[in-house]
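Undergrad: Sequence and computational prediction follow.
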Amino acid sequence: MSELAAVVGMGQTKHSSKNGEVSIAGLVRESAEKALLDAELEWEDIDAVILGKAPDMFEGVMMPELYLTDALVANNKPILRVHTAGSVGGSTGIVAASYIQSGMFERVLVSTFEKQSESNAMWALSTTVPYAPLINAGAGGYFTPYMREYKRRFNVPEHIGRIVAVKDRLNALKNPYAHLHIPDINLEMVEKSPMLWDPLTFLESCPSSDGACSLVISSERSVTDNQLPAWIHSTSMRSEPTMYAGRDAVNPQAGSECAKDVYKKAGIKDPIKEIDCAEIYVPFSWYEPMWLENLLLADIGQGWLMTEKGHTSLEGKFPVNMSGGVLSSNPIGASGLLRFGEAAQQVRNKAGEYQVQGAKLALGHAFGGGAQFFAMWIVGANKP
Amino acid sequence: MSEEKILEFEAPIYFKYSYTAGKTTTSFLNSIKKGKLVGQKCPKCRGVYVPPRGSCPKDGVATEEEIELPDIGTVESFTINYLPIPGGAVDPPYVSANIILDGADLAFMHIVDGIDHSEVRVGMRVKAHWKPKNEWKASLENIAYFQPIDEPDLPLNHLSDEKNA
């Protein structure tokens, strides 16, 4: 990397199951205006716009970057759309950062969104090849067998998933933008909620959300003193095929190689000790311990012990998903950038009630597809 | 009289696609039409794919050597689905399982039935229950579901996804 890049502004909408007040353009615009306000910048300060969202089939709007050009004031400016399924929010942040690092632009606006209420993402994700029976019921139908296998492989007790489901919803109570606010959330409520994909219950799954998230990423020379920059120490993306002989979908190779790369580039030798907190893409409860292992933050088969001991709670040794995470808000296309942005807010000391005291180095993580696309960044309060 | 505000309206889109199967899938479909499961072997890693895709994603090479597989395999993992999906093959609850055929190195998703759902296990041995011959077409749907057979469960370290454990 040649130039240093930093997150200098973040904006997001209040996520909800249906935002019927505004169009997609209105939703994205709201997050972008808030990001500019946070960065104390105007539209004319932005050199280029990078847009990310999940498959167009979700809302039925093809190439939404064209329609959203006006709302994002990208007229006569470069605009580019990124698409890497559920990891897209993360990848979009990385693409924007790379334009700053290359020296091409001074300030880039990154905008991501999903408006799940406009159609049926569960249906859009329930597909098969045209010569096999249609039986896969959405993302949960696809991922639950791998969660079951994780549980079986390491003999993990049943309640681990429920601990994550409660912990992330308790964190969400401190986040005014979170979709789910369930004040009386507890283990029993999670256990007794309807079974969707055995052994995964309704409250162990993410909601379907309408929402948008935007960041402003700036070059070092354009950062001003009052902006509280989150310096981007490293970024990494990796992918692997959905299906290949001998693939381990419980602990995908692309994920751990991405983690190794993002730590190495940031000069991190012992990630669990050096990193203060993480925002990890956990759409289903069991993915917290699974990703802790995949991210080399726990030994293989030991991730669930971190969860059980409370290390990943807001007050724990290694807080995870302080904002409430994907389990509390899932505007799919924005969910990855929310992870990246919330990590940045922590090191900017701007995370409000869910601030980890003294957080100096944070990890943002996103995954997508059949757990095959990975995007990660490390952000810091200090320059790398 | 105040008019009702129009905040949204329904705008359905329908698409119809023609799927060009290509050499490998054409070959697979012609076999399954006759009740045979034919996969392909990677010349490099010797991994066997069924249904075959014409290439090995791991090695990035074409797969041409065809290999007929039995309709017997093992449950690699599974879930019991309680949510209905539009156009779904069966009504919930049903067991969707990743089934790895004997001699194959990659599972595919199919239905497990003919057993109480609470009895389904990882490592369970299963065999295809074919639909009546007069209903056969060029599809894995010729198999109605997989049902358990009277064999001991497979030791789990034999499963492909145990390799990294």
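TA: Sure, I can see it. The model shown is predicted, which means the values in this text are computed figures rather than measured ones.
Undergrad: For the residue in chain B that chain A sits nearest to, which residues are in contact?
TA: Here chain B gets closest to chain A at one residue, residue B:47, 2.6 Å apart by Cβ to the nearest Cβ. All C-beta spots, glycine's among them, are computed from the backbone N, C-alpha and C. Residues counted as contacts of residue B:47 (Cβ atoms under 8 Å, 6 or more residues apart in numbering or on different chains) are A:244-246, B:41, B:56, B:58, B:105-106.
Undergrad: rerun at 6 Å
TA: Neighbour list for residue B:47: A:245, B:105 [criterion: Cβ atoms under 6 Å, 6 or more residues apart in numbering or on different chains].
Undergrad: Residue B:14 too?
TA: The contact partners of residue B:14, by Cβ under 6 Å, 6+ apart, come to none.
Undergrad: where does it sit relative to residue A:171, distance-wise?
TA: In this view, residue B:14 and residue A:171 are 42 Å apart by Cβ to Cβ, to the nearest Å.
Undergrad: in what helix or strand does the closest residue in space to residue A:126 that isn't next to it in sequence lie?
TA: Distance criterion Cβ to Cβ, 6 or more residues apart in numbering or on different chains; nearest residue to residue A:126, sequence neighbours excluded, is residue B:85 at 4.3 Å. With secondary structure defined by DSSP states H and E, residue B:85 is part of neither a helix nor a strand.
Undergrad: is it true that residue B:85 touches residue A:125?
TA: No - using Cβ atoms under 6 Å, residue B:85 is not in contact with residue A:125, being 9.4 Å away.
Undergrad: Leaving out sequence neighbours, find the closest residue to residue 113.
TA: You didn't pick a chain, so chain A it is. Spatial nearest neighbour of residue A:113, chain neighbours left out: residue A:212 (3.8 Å); criterion: Cβ to Cβ, 6+ apart.
Undergrad: I was thinking of chain B, sorry if that wasn't clear
TA: residue B:145 is the one closest to residue B:113 (Cβ to Cβ, 6+ apart), at 4.0 Å.
Undergrad: give me the element the one you found is part of.
TA: strand B:143-148.
Undergrad: How far off centre is that strand?
TA: Distance of strand B:143-148 from the chain centroid (Cα atoms, centre = their mean, to the nearest Å) equals 11 Å.
Undergrad: With stretch A:311-326 instead?
TA: 14 Å.
Undergrad: mind listing what residue 94 touches?
TA: No chain specified, so I'll use chain A. A:235, A:237, A:375 are the contacts of residue A:94 under Cβ under 6 Å, 6+ apart.
Undergrad: please go with chain B instead
TA: Counting by Cβ under 6 Å, 6+ apart, residue B:94 has contacts B:81, B:111.
Undergrad: just to revisit the earlier point, what's the separation between the residue nearest to residue A:126 and residue A:120?
TA: From residue B:85 to residue A:120 the distance is 10 Å (Cβ to Cβ).
Undergrad: In terms of packing, which of these two has more residues around it?
TA: Neighbour tally, residue B:85 and residue A:120, criterion other Cβ atoms under 10 Å in any protein chain shown: the higher count belongs to residue B:85, 21 against 16.
Undergrad: list the buried ones in stretch A:134-154?
TA: Buried residues in stretch A:134-154, counted by 16 or more other Cβ atoms under 10 Å in any protein chain shown: A:134-151, A:153-154.
Undergrad: Can you pull the phi/psi pair for the residue nearest to residue A:126?
TA: With angles defined as degrees, to the nearest 10, residue B:85 sits at phi -120, psi 140.
Undergrad: gap between the two ends of stretch B:35-43?
TA: Terminal residues of stretch B:35-43 are spaced 26 Å apart (Cα to Cα, to the nearest Å).
Undergrad: Now do it, average pLDDT.
TA: On average, the pLDDT along stretch B:35-43 is 98.
Undergrad: per-residue confidence for residue 96?
TA: Using chain A here. Predicted confidence (pLDDT) for residue A:96: 98.
Undergrad: Wait, chain B was what I had in mind.
TA: pLDDT, residue B:96: 97.
Undergrad: Equivalent analysis for residue B:159, please.
TA: For residue B:159, the predicted pLDDT is 51.
Undergrad: what's the answer for residue B:165, then?
TA: 32.
Undergrad: where exactly do the strands run in chain B?
TA: B:37-41, B:48-49, B:55-56, B:61-62, B:65-69, B:72-81, B:94-101, B:108-112, B:125-130, B:143-148 (DSSP state E).
Undergrad: could I get the ones you listed as TSV with distance to residue A:59?
TA: Putting these into TSV (distance: least, Cβ to Cβ, whole Å) gives the following:
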stretch	distance to residue A:59
strand B:37-41	38
strand B:48-49	34
strand B:55-56	33
strand B:61-62	38
strand B:65-69	41
strand B:72-81	25
strand B:94-101	27
strand B:108-112	27
strand B:125-130	39
strand B:143-148	35
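Undergrad: So which of those is nearest residue A:355?
TA: strand B:72-81 (37.4 Å; Cβ to Cβ).
Undergrad: Within its sheet, name the partner strands of the closest one and how each one runs.
TA: Next to strand B:72-81 in the sheet, as set by DSSP bridges, lie strand A:195-198 (antiparallel), strand B:94-101 (antiparallel), strand B:125-130 (antiparallel).
Undergrad: Please identify the most buried of the ones you listed.
TA: Here the criterion is mean neighbour count by mean count of other Cβ atoms under 10 Å in any protein chain shown, and of the strands paired with strand B:72-81 the winner is strand B:94-101, at a mean of 24.
Undergrad: Next, the angle from that strand to strand B:37-41.
TA: Using axes from the mean of the first three to the mean of the last three Cα atoms, to 10 degrees, the inter-axis angle of strand B:94-101 relative to strand B:37-41 is 50 degrees.
Undergrad: And strand B:94-101, how far out from the chain middle?
TA: Between the centre of strand B:94-101 and the centre of its chain there are 7 Å (Cα atoms, centre = their mean).
Undergrad: Just to be sure, residue A:289 is in a helix?
TA: Yes - the assignment for residue A:289 by DSSP: H, G, I helix; E, B strand; the rest coil puts it in a helix.
Undergrad: and the residue lying closest to it once chain neighbours are set aside, what is it in contact with?
TA: Counting by Cβ to Cβ, 6+ apart, residue A:303 is the residue found nearest to residue A:289 once chain neighbours are left out, at 3.5 Å. Applying Cβ under 6 Å, 6+ apart to residue A:303 gives the contacts A:289, A:292-293.
Undergrad: just curious, which of those is nearest to chain B?
TA: Of the contacts of residue A:303, the one sitting nearest to chain B (Cβ to the nearest Cβ) turns out to be residue A:293, at 10.7 Å.
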